[in-house]
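Novice: dropping a prediction and its sequence here:
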Amino acid sequence: MKGMISAIQRFSIQDGPGIRTTIFFKGCLLKCFWCSNPETQLSYPQLSFRDDKCFGSKCCICIFSCKREAIKRERDRLFIFTERCSLCGECIKKCPESNLKIVGEEWSIDDLIKEILKDRIFYKKSGGGITLSGGEPLLQNKFVSQFVRECKRYSIHTIVDTCFAVDWEKIEELLEWVDLFYIDLKQLDNKLHIRFTGKSNKSILRNLERMSKKNFLNKVVIRIPFIPGVNSDEITHKKIINYIKKLNSKLTIHLLPYHNLGRKKYRLLGIKKNEKLFRLPTQKEINKVIKLYGKSGFNISVIK
């Protein structure tokens, strides 16, 4: 059994307690407008191209190496036509500046365990572990299930960072083995949720309520992306507060202010994105919503 992974990030300090290794799985159910990891949205490998470092018309070696004519030159710039690309890797071999690479690689459970064990000493000393992120790791639930069981053999702390919009059966088989679930709660208004993510929030809320009924909320941290124009208003957060209180008033909350650090990735993948769609939240806006949750008795942290 193999998992499709886009990246392995070592020495992460924002993805859970202690020093962690974050494993990014490819494939996601949602298509959030503000996504900072677009390379994880599709479930298969993609060609990434750094056109800002490319010689363009002065080189063109990659154009001549591509038998499927997936690379074209227009106005002294090169463009990748991903629908023609077979990921043969010939252009990658020929590029003198290493501007091309394939994002997405299959890993076996044994190889992945060997990789994370390299940093086992840091997990032990810092109270860290591994975080499975993406994309949506639970789309590869069979692989994830076996992998976290192997992690338990080595007493490695595990977190699954998920949108929670999967079938309950995929969650249930992990309840005994995963230490924490980081669950995104973006918007309670279903119409707005569909508008900004492409999918209903009904399965997410239903799964949270099942976690409550089965007394597994002690393994849950709610993560709220904070995006002006999507869910930054006071009314939205009062609704979220009331909803979470009904589940469990002692839940830990993480607020994730919107950032645009992932905007360059869209260009690397040849994806057009309206960078003016969202603005960065102000510190005043962030402080205001923190006070709302604090007054309601929640332990809330800002994760940047």
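Specialist: Noted; the coordinates are in hand.

Novice: mind listing the helices for this structure?
Specialist: In the chain, the helices defined using DSSP state H lie at 61-65, 90-94, 109-117, 120-126, 141-153, 168-172, 190-197, 202-213, 234-247, 263-268, 283-295.

Novice: just give me the lowest mean pLDDT stretch among these.
Specialist: Here the lowest mean pLDDT among the helices of the chain goes to helix 263-268, at a mean of 85.

Novice: may I have it exported as PDB, CA atoms only?
Specialist: What follows is helix 263-268, C-alpha atoms only, in PDB (Å, rounded to 0.1, in the frame of the first residue of the first chain):
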ATOM      1  CA  ARG A 263       0.100  32.800  -3.900                       C
ATOM      2  CA  LYS A 264       3.400  31.900  -5.600                       C
ATOM      3  CA  LYS A 265       2.400  28.200  -5.700                       C
ATOM      4  CA  TYR A 266      -0.500  28.900  -8.100                       C
ATOM      5  CA  ARG A 267       1.900  30.400 -10.600                       C
ATOM      6  CA  LEU A 268       4.300  27.500 -10.300                       C
END
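
Novice: for Ile286, which non-adjacent residue is closest in space?
Specialist: Nearest residue to Ile286 in three dimensions, chain neighbours excluded: Pro257, at 5.6 Å (CB to CB, 6 or more residues apart in numbering). Yep, even glycine has a C-beta here, placed from its N, CA and C like the rest.

Novice: buried ones in stretch 2-21?
Specialist: 3-7, 12, 15-16, 19-21 (16 or more other CB atoms under 10 Å).

Novice: just give me the longest strand of this structure.
Specialist: For the chain, the strand that runs over the most residues, judged by DSSP state E, is strand 2-12.

Novice: what strands flank it, and is each parallel or antiparallel?
Specialist: strand 20-25 (antiparallel), strand 105-108 (antiparallel) (DSSP bridges).

Novice: so the residue nearest the centre of the chain versus Val144, what's the distance?
Specialist: Centre of the chain computed as the mean C-alpha position; nearest residue by CA atoms, centre = their mean is Gly134, 3.4 Å away. According to CB to CB, to the nearest Å, Gly134 stands 10 Å off from Val144.

Novice: anything in contact with each of these two?
Specialist: Counting by CB atoms under 8 Å, 6 or more residues apart in numbering, the shared contacts of Gly134 and Val144 are Phe25.

Novice: that older thread, tabulate the strands paired with strand 2-12 in JSON lines, adding columns for mean pLDDT and distance to Asn99.
Specialist: Listed next are these as JSON lines, based on pLDDT from 0 to 100; distance: least, CB to CB, whole Å:
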{"stretch": "strand 20-25", "mean pLDDT": "98", "distance to Asn99": "21"}
{"stretch": "strand 105-108", "mean pLDDT": "97", "distance to Asn99": "19"}
